[in-house]
Each structure stands twice: as C-alpha cells, then as structure tokens.
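Q: Sequence and predicted structure are below.
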Amino acid sequence: MTDNRPIYLDCQATTPVDPRVLEEMTPTFTEAFGNAASKHHRYGWEASKLVETARARIAGLIGCSSKEILFTSGATEANNLALRGVLAQGQPSGRTHLVVSAIEHPAVLDTAKMLARHGAELTVLSVDREGRIGPDALARALRSNTALVSIMLGNNETGVVQDLRALGAVCREAGV
C-alpha cells in the first residue's frame with residue numbers, strides 16, 4: 001500500500017504548528033484573547049499577564065532580563081528594528097558602518113541598503129565558491145566605526161552554514 005499524502009517542503013516559508021505549542025496556545029484563543037495593550041479591562045490584564053509570563057520564560061532560557069525581550073510581528077520587523085536601532089545608537093559616536101553578507105535575507109539586505117541611502121556606510125561581503133564568509137574577509141571589512149555585522153547562520157535557500165564561532169571571534173577582537 002502506498003501513502004499518497006503530499007509532503008510539504010516549503011518550511012522556509014511556514015511550518016505546521018507543533019502540537020505541544022498548539023496545546024499551550026489554545027486557551028488564548030478562547031479564554032485570554034484580549035489585547036495585551038488594553039489595560040483597562042480584565043481581558044487586557046489577562047493577556048498582558050500571559051505576554052509577561054512568556055517574556056520571563058524566554059529571558060530565563062537565554063539568560064537575560066525580561067526587559068531585554070521585545071516581541072515583534074515577525075522576522076522582517078525584528079530585522080528592521082535591530083539594524084535601525086543599532087545604527088541609531090551608534091550615530092552619536094560615529095559608528096555608522098554596517099557589514100552584511102551578500103546572501104542575507106532580503107529583509108536584512110533591503111534595510112541595510114535603505115540605511116546606506118540615509119547616510120550609513122555599508123559593506124556587503126561576497127561569499128566564496130562554497131557560499132561561506134571567511135574570517136579573513138570579514139576582518140578586512142571591519143572598521144573602527146563598524147556598528148554591526150549581520151551574517152545569517154544558515155542560509156534559507158542554499159543550506160550553507162556559516163562558521164559563526166570564527167566570525168564572532170573576529171568581531172569580538174575588533175570590538176564589534
């Protein structure tokens with residue numbers, strides 16, 4: 001007997017919800033569905049409490065303060081906020097140089113290019129024939145005014161995994 005169920009291979013776009021996650025979330029759809037920002041009624045208070053509980057759990061998992069956890073609508077907004085935020089923080093001290101790889105997600109590349117049109121300095125690193133960024137290439141791209149380096153761990157189209165340990169060491173050595 002053959003199994004004719006389709007196989008979903010586009011997990012770069014979206015994935016099915018893990019049953020454990022769905023079980024945890026189900027009550028929020030029927031019981032705690034309020035707007036967490038609406039703190040003038042019970043439903044808002046309950047939703048806000050759930051958001052703060054999630055924030056604390058995530059902070060505990062990654063070893064930071066819950067005040068350092070920011071929820072966004074998705075990856076594009078988060079990437080945009082991160083790049084713009086780091087650049088804004090670096091501007092007063094002149095740290096306006098961004099380094100990104102040529103194979104970053106468009107949400108990163110497009111934001112970096114937009115920031116360059118508005119005064120940021122941008123270096124786009126090419127990859128080698130195996131799709132990797134070499135530590136030496138990264139070291140050559142860094143400057144005294146580099147504010148941020150963005151190199152994705154695993155490319156969503158090629159599957160190439162970067163050596164973030166080596167690349168991170170280069171950044172730490174340069175104070176980035």
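A: That came through fine.

Q: From here on, just use CA atoms for contacts and neighbour counts.
A: Will do.

Q: what residue ranges in the protein are flagged as low confidence?
A: Along the chain, segments meeting pLDDT under 70 span 1, 12.

Q: So residue 2: helix, strand or coil?
A: Put simply, residue 2 is coil when judged by DSSP: H, G, I helix; E, B strand; the rest coil.

Q: show me what contacts the most centrally placed residue in the chain?
A: Centroid check for the chain by Cα atoms, centre = their mean gives residue 79 as the closest residue, at 5.2 Å. Residue 79 makes contact with 107-108, according to Cα atoms under 8 Å, 6 or more residues apart in numbering.

Q: Stretch 51-70: which residues count as buried?
A: 52, 55-56, 59, 66 (16 or more other Cα atoms under 10 Å).

Q: Ok, stretch 69-86 next?
A: Quick answer for stretch 69-86 (16+ other Cα under 10 Å): 78-80, 83-84.

Q: From those residues, which land in helices?
A: Taking DSSP state H as the definition of helices, the buried residues of stretch 69-86 contribute 78-80, 83-84.

Q: need those residues in TSV with distance to residue 96, can you?
A: As requested, those are exported to TSV (distance: Cα to Cα, whole Å):
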residue	distance to residue 96
78	19
79	17
80	16
83	11
84	11
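
Q: now, which of the residues you listed sits nearest residue 163?
A: Distances from residue 163 to these, taken as Cα to Cα, are shortest for residue 79 (20.6 Å).

Q: I'd like to know how far the closest one sits from residue 40.
A: Note on residue 79: its distance to residue 40, by Cα to Cα, to the nearest Å, is 32 Å.

Q: likewise residue 148?
A: 40 Å.
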